[in-house]
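J.: dropping the sequence and predicted coords here.
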Amino acid sequence: MRKGDDLTFPLGEETYTLSVKALVNFLMGDDYGVFVVSRAVPPEVKKSRDLMALLEASDVVFIRNNQEHSPAEAADHLQSKLEHAKAEVRTLDDFIEKVASRSWLSGKPYLIRLPDGRTVEAEAWFRERSAELAPEPGTED
């Protein structure tokens, strides 16, 4: 392994990533390496984060319970919801249906106002964006 390399491995029921941050090799004496072990991010969680990043980088208005929010505010809100619902969110569909589509309190669907002035339901917007995400390596389109 070299600096910058990652190795993912299972341990018990969890999956972890070992990241090489530094390798120092003295000609004589005390060689050392700096490694970080962290829980691996499941592909579906990564896709959910990618969707939130697309939202945050977009030029839309997010409408939640009749109040307008910036894309950054919307992404923060959805990230907070995802943290609370992480046990129930196993797939990208779960994220879209249970987190990104409607208010838990009012049940009202979230809306997205597009730059051209049209308003669409957030569920449809997220499903369309999810089709744009790159497939995982080794999977079919």
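T.: Arrived safely.
J.: use CA for all of it now, contacts and neighbours both
T.: Noted.
J.: can you give the domain ranges for this structure?
T.: For the chain, automatic domain parsing gives the domain ranges 6-39, 43-130.
J.: which residue is nearest the middle of this structure?
T.: In the chain, the residue lying closest to the centroid (Cα atoms, centre = their mean) is Arg49, at 1.3 Å.
J.: max-length strand in the chain?
T.: Taking DSSP state E as the criterion, the chain has its longest strand at strand 14-24.
J.: who's in contact with that strand?
T.: Strand 14-24 is touched from outside by 1-10, 31-40, with contacts defined as Cα atoms under 8 Å, 6 or more residues apart in numbering.
J.: redo that, cut-off 6 Å
T.: Strand 14-24 is contacted from outside by 3-9, 31-40, using Cα atoms under 6 Å, 6 or more residues apart in numbering.
J.: with stretch 107-117 instead?
T.: The contact list for stretch 107-117 (Cα under 6 Å, 6+ apart) reads Val60, Val61, Phe62, Ile63, Arg64, Ser101, Arg102, Thr119, Val120, Glu121, Ala122.
J.: so who does the residue nearest to the centre of the chain touch?
T.: When contacts are counted by Cα under 6 Å, 6+ apart, Arg49 touches no other residue.
J.: kind regards, and thank you for your time.
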